[in-house]
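Q: I'll drop the sequence and a predicted model, then ask my questions.
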Amino acid sequence: MNISYTKKGDYLLPNLILKDKEQYNIGKYGLLRLQYIKRYKLGLYFDLLVNDNLNEYLHSIDTTVMEKVQKIIKELAEKENINEKLKQDNQILWVSKMNNIKNIVEEIILKEYIYVWKTLEEFERIYLPVCINYDNYLKEFVIPDVVAFYIADNFYKKVLSKAPLYNHINSAIDIFNVRCDIDKLIPSIKKILRIKYNLRIVKDNPLVLKKFY
């Protein structure tokens, strides 16, 4: 950037004049990106600021990511048959499923685009397949954590019912409306119980838990 100066007494003052550019309202994703670059990418932040490109940059991020989020949510909803018929038949289930999809899509985009140096092209190539394989993502990363929390929470509140482990798992995963092979979930659930909640399963039927220490 070439900057001219004007001498005022003993000082050279830069001739900085802002261009008459359209100023955009910045939405959620643009503001999140702004917070991130101000904290972790100061070089980029000051470069955009000095060159009067910050507002345009944030607007581009905001609109592009918003369009991407809406597109992926729509694709996943169609894939999972989350449609107007379901909304009319069972609005609570429809809301639950749509929130699940939105949370997953936003989590991936925030981590892999807003908060790091990923392009949308990289996102589509690497991370979009995860969104499309929605059920597998839930089974591998979300459901075991939710089940472990459900069991541990009931244990520490001393309200854990005397039911088989399978029953507890089914109760915890009802909200997801996803078919699961419970036997494949159990090793991950046990691992999370051990690492996060200091618990081990002593007996499956009825479920009996014990603290490691």
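A: Yep, it's here. Since this is a predicted model, take the numbers as computed values, not measurements.
Q: got any ranges where this protein has weak pLDDT?
A: 1-3, 14-20, 112, 116-134, 177 (pLDDT under 70).
Q: What ranges does it have for its helices?
A: Along the chain, the segments classed as helices by DSSP state H run 28-40, 42-50, 54-79, 84-89, 91-109, 120-122, 128-132, 134-137, 143-156, 165-173, 182-197.
Q: With Leu12 as the reference, name the closest of those helices.
A: Smallest distance to Leu12 across these (CB to CB): 16.7 Å, for helix 42-50. C-beta here means a position set from N, CA and C on the backbone, and glycine is covered the same way.
Q: what domains does the record give for the chain?
A: For the chain, automatic domain parsing gives the domain ranges 22-132, 136-211.
Q: Any chance of a markdown table for these, columns mean neighbour count?
A: Converted to a markdown table, those look like this (neighbours: other CB atoms under 10 Å):
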| stretch | mean neighbour count |
| --- | --- |
| domain 22-132 | 15 |
| domain 136-211 | 15 |
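Q: would JSON lines of those domains with distance to Gly9 be doable?
A: Formatted as JSON lines, these follow (distance: least, CB to CB, whole Å):
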{"stretch": "domain 22-132", "distance to Gly9": "24"}
{"stretch": "domain 136-211", "distance to Gly9": "64"}
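Q: Could you export the helices of the chain as a markdown table, including distance to Glu22?
A: Output for the helices of the chain, formatted as a markdown table (distance: least, CB to CB, whole Å):
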| stretch | distance to Glu22 |
| --- | --- |
| helix 28-40 | 15 |
| helix 42-50 | 16 |
| helix 54-79 | 8 |
| helix 84-89 | 37 |
| helix 91-109 | 26 |
| helix 120-122 | 23 |
| helix 128-132 | 31 |
| helix 134-137 | 38 |
| helix 143-156 | 44 |
| helix 165-173 | 49 |
| helix 182-197 | 49 |
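Q: So for Lys7, which of those helices sits nearest?
A: Going by CB to CB, the one of the helices of the chain nearest Lys7 is helix 42-50, 21.2 Å.
Q: Which other helices and strands does the closest one contact?
A: Helix 42-50 sits against helix 28-40, helix 54-79, with contacts defined as 3 or more CB pairs under 8 Å, 6 or more residues apart in numbering; DSSP states H and E.
Q: Give me the helices and strands touching the longest one, please.
A: Under the contact definition 3+ CB pairs under 8 Å, 6+ apart, helix 54-79 sits against helix 28-40, helix 42-50, helix 91-109, helix 128-132.
Q: Please repeat the previous calculation with a cut-off of 10 Å.
A: helix 28-40, helix 42-50, helix 91-109, helix 120-122, helix 128-132, helix 134-137 (3 or more CB pairs under 10 Å, 6 or more residues apart in numbering; DSSP states H and E).
Q: so which of the ones you listed gets nearest Ala152?
A: Closest among these, once you apply CB to CB, is helix 91-109, at 21.3 Å.
Q: Grab the CA positions of the closest one and hand them over as CSV.
A: Taking Å, rounded to 0.1, in the frame of the first residue of the first chain, the C-alpha atoms of helix 91-109 are listed here in CSV:
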residue,chain,number,x,y,z
GLN,A,91,-43.8,-30.8,15.5
ILE,A,92,-41.7,-31.5,18.6
LEU,A,93,-39.8,-34.3,16.8
TRP,A,94,-39.4,-32.0,13.8
VAL,A,95,-37.9,-29.2,15.9
SER,A,96,-35.6,-31.7,17.7
LYS,A,97,-34.3,-33.1,14.4
MET,A,98,-33.8,-29.8,12.8
ASN,A,99,-31.9,-28.5,15.8
ASN,A,100,-29.7,-31.5,15.8
ILE,A,101,-28.8,-31.0,12.1
LYS,A,102,-28.2,-27.2,12.6
ASN,A,103,-26.0,-27.8,15.6
ILE,A,104,-23.9,-30.3,13.8
VAL,A,105,-23.5,-28.2,10.7
GLU,A,106,-22.7,-25.1,12.6
GLU,A,107,-20.2,-26.9,14.8
ILE,A,108,-18.3,-28.2,11.8
ILE,A,109,-18.3,-24.9,10.0
